[in-house]
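Enquirer: I would like to see how this sequence folds:
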Amino acid sequence: MPDTKTTDDKVLKSEEQWRRELTPMQYAVLREKATERPFSGEYEHDHRAGTYVCAGCGNVLFESDAKFDSGCGWPSFTQPAVESHIDEERDTSHGMVRTEVLCAKCSGHLGHVFPDGPGPTGLRYCINSAALKLEPK
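Expert: Next up is the predicted model:
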């Protein structure tokens, strides 16, 4: 029986398989909802053109032309590449109410979205570098 199952466009893997396939930081962020230290991520100051995909399953998440420097310490985007590729959930951890952003395909934790971004959306998708892989154009 294969370790990876795909049902209704969802990727389902055992925790053992996730641990084998992801780096320790990727596993902590994507599977355990950890947050990398601010200003420490690989893509925080990366300005290359390309598409950011989920480090867990390759789902297309953000385009580089939606990326902006928010000064918050994590890569920030004004909008997802495809709305249906992300899920949002209410997050009340750490004594705050926030909107968590998840990969719609593998349910991996990506970061949070805040209503303080620039136009045209007014949103700031604050995303952990460890949850992303850049496919340069």
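
Enquirer: where does the spatially most central residue of the chain sit, in terms of helix or strand?
Expert: Compute the mean C-alpha point of the chain, and by Cα atoms, centre = their mean the closest residue is residue 110, 2.8 Å away. Using DSSP states H and E, residue 110 falls within strand 109-114.

Enquirer: what's the mean pLDDT across that strand?
Expert: Mean pLDDT, computed over strand 109-114, is 97.

Enquirer: using PDB, write out every CA atom in it.
Expert: Below are the C-alpha coordinates for strand 109-114, written out as PDB (Å, rounded to 0.1, in the frame of the first residue of the first chain):
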ATOM      1  CA  HIS A 109       0.200  25.400   7.800                       C
ATOM      2  CA  LEU A 110       1.500  28.300   5.800                       C
ATOM      3  CA  GLY A 111       1.100  31.300   8.000                       C
ATOM      4  CA  HIS A 112      -1.600  33.900   8.600                       C
ATOM      5  CA  VAL A 113      -3.400  36.600   6.700                       C
ATOM      6  CA  PHE A 114      -4.000  40.100   8.000                       C
END
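
Enquirer: so what strands line up beside it?
Expert: Strand 109-114 pairs in its sheet with strand 98-103 (antiparallel), strand 124-127 (antiparallel), by DSSP bridges.
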